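Q: The following comprises the amino acid sequence and a computationally predicted model.
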Amino acid sequence: MTGLNTSKTILITGASSGIGQALAERLAADGHEVLLVARSSEKLRVIVCGIKERGGHSHYMAADLADKNGLDALVGAIKQKYQKIDLLINNAGIGWYGHFAQMPWDTAQSLVLTNMLALVKLTHAFLPDMITRNEGQIINISSIAGDLPVQGVILYASSKAFVNNFTKALAREMTGTKIKITLVKPGPVLTNFYNHANESNGYHIPGESLGITVEQASRTIIKCIGSSRRVVYVPGYFAFMPWVDRLLGPVIDRLGPMIIPADKKGGVY
Ligand SMILES: NC(=O)c1ccc[n+]([C@@H]2O[C@H](COP(=O)([O-])OP(=O)(O)OC[C@H]3O[C@@H](n4cnc5c(N)ncnc54)[C@H](OP(=O)(O)O)[C@@H]3O)[C@@H](O)[C@H]2O)c1
């Protein structure tokens with residue numbers, strides 16, 4: 001259950017699978033009106049049908065967040081359909097595993113646009129109304145990778161480091177208001193993220209064996225709703241993560257090439 005007493009309008013990006021889907025289904029079951037966004041319209045349609053069959057209220061809008069025009073059109077369509085968004089969950093994200101020099105430019109560009117620009121754009125679109133109403137919440141899904149600039153996930157980790165700083169600074173700007181800004185940093189969660197990487201590479205990303213279930217992750221994220229906590233690690237024991245690079249940087253320098261040899265082919269996840 002969330003910390004919200006009344007039904008709210010909730011926008012979730014990346015809701016066609018994994019963490020976003022689980023959040024959408026749970027929040028709709030709790031009586032909230034949920035708008036699901038992702039590229040795969042058929043997957044979204046099926047999820048929304050399931051929610052409606054169970055008595056929930058939800059809609060979907062298919063959009064490619066890496067497409068500037070698509071993003072502008074999405075914001076316009078949401079503003080036309082909904083009077084307000086009470087909770088924005090910026091969850092959509094992609095990663096890529098492999099050495100940066102081997103990363104195709106199109107993939108690099110999509111990653112930057114999806115993980116950073118779309119999050120900034122949606123925040124910029126819906127925050128002013130929250131400020132006018134002096135209520136609302138934005139939850140940005142980052143990653144423990146944002147604390148760890150490690151070989152093999154350079155651009156992904158950097159995009160999440162951006163999300164970390166953006167979100168923490170925004171929370172500071174909202175001091176003195178009733179608007180809650182929450183940064184969520186999951187560790188490994190068993191979703192399509194890993195399936196995609198395994199399909200394209202045929203080998204496993206380090207950390208996958210430590211993965212928690214989507215249900216565990218979404219339960220913890222839902223507890224952040226209505227809470228004033230600014231940074232939440234999922235699971236909580238990953239709170240040591242910011243210290244790893246500071247204390248073990250030289251060890252990571254040496255271990256990195258064993259984890260991701262330069263000849264490994266990269267893949268999207
Ligand atoms: N799984 C993990 O171990 C883990 C750990 C830390 C943080 N995270 C973060 O958690 C978030 C959710 O990931 P997940 O694990 O649930 O992975 P997932 O199952 O692959 O979900 C990613 C979601 O993002 C959507 N998406 C990707 N690119 C998009 C685009 N250009 N436009 C619109 N939607 C797009 C995907 O939908 P479509 O393909 O239909 O567009 C999908 O719904 C991500 O931000 C990820 O970085 C995951």
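A: Yep, it's here. Numbering: from 1, shown residues only.
Q: For the stretch 51-200 of the chain, which segments are assigned as helices?
A: In the stretch 51-200 of the chain, the helices defined using DSSP state H, counting those that start in this stretch lie at 68-81, 105-112, 118-133, 154-173, 192-201.
Q: closest one to the ligand among these?
A: helix 192-201 (3.7 Å; CB to the nearest ligand atom). Placement of C-beta: from N, CA and C, glycine included.
Q: From the ligand, how far off is the residue lying closest to Ser158 once chain neighbours are set aside?
A: With CB to CB, 6 or more residues apart in numbering as the criterion, Ser158 has its nearest non-adjacent residue at 7.0 Å, and that residue is Pro149. Distance, Pro149 to the ligand, using CB to the nearest ligand atom, to the nearest Å: 15 Å.
Q: give the contact list for the residue most central in space within the chain.
A: Central residue of the chain (CA atoms, centre = their mean): Asn91, 2.5 Å from the mean position. Counting by CB atoms under 8 Å, 6 or more residues apart in numbering, Asn91 touches 12-15, 19-20, 23, 139, 141.
Q: near the ligand, which residues of the stretch 151-269 of the chain?
A: For the stretch 151-269 of the chain, the contact set with the ligand under CB under 6 Å from any ligand atom comprises 186, 188-189, 191-193.
Q: which ones are touching the closest residue to Thr167 other than its chain neighbours?
A: Spatial nearest neighbour of Thr167, excluding adjacent residues (CB to CB, 6+ apart): Leu183 at 4.1 Å. By CB under 8 Å, 6+ apart, Leu183 lies in contact with 140, 142, 163-164, 167-168, 171, 230-232.
Q: Select only the buried ones of those residues in PyMOL?
A: Selection of buried members from the contacts of Leu183 for PyMOL, criterion 16 or more other CB atoms under 10 Å:
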select buried, resi 140+142+163+164+167+171+230+231+232
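Q: closest to Ile51 among the contacts of Leu183?
A: Asn140 (23.5 Å; CB to CB).
Q: Hmm, Thr182 and the closest one touching each other?
A: Yes: assessed by CB atoms under 8 Å, Asn140 is found in contact with Thr182 at 7.2 Å.
Q: Any chance you could list residues touching both of those two?
A: Joint contacts of Asn140 and Thr182 (CB under 8 Å, 6+ apart) are Thr167.
Q: picking up where we left off before, now do the phi/psi pair for the residue nearest to the centre of the chain.
A: Backbone torsions of Asn91, given as degrees, to the nearest 10, read phi -110, psi -30.
Q: so how far is Ile221 from it?
A: 9 Å (CB to CB, to the nearest Å).
Q: And for Gly256?
A: To Ile221, Gly256 is 30 Å away according to CB to CB.
Q: So these two - more neighbours on which side?
A: Ile221 (22 against 13; other CB atoms under 10 Å).
Q: and the residue nearest to the more buried one when sequence neighbours are not counted, what does it touch?
A: Nearest non-adjacent residue to Ile221, counting by CB to CB, 6+ apart: Val184, 5.6 Å away. Taking CB under 8 Å, 6+ apart, we find Val184 in contact with 139-142, 221, 224, 232, 234.
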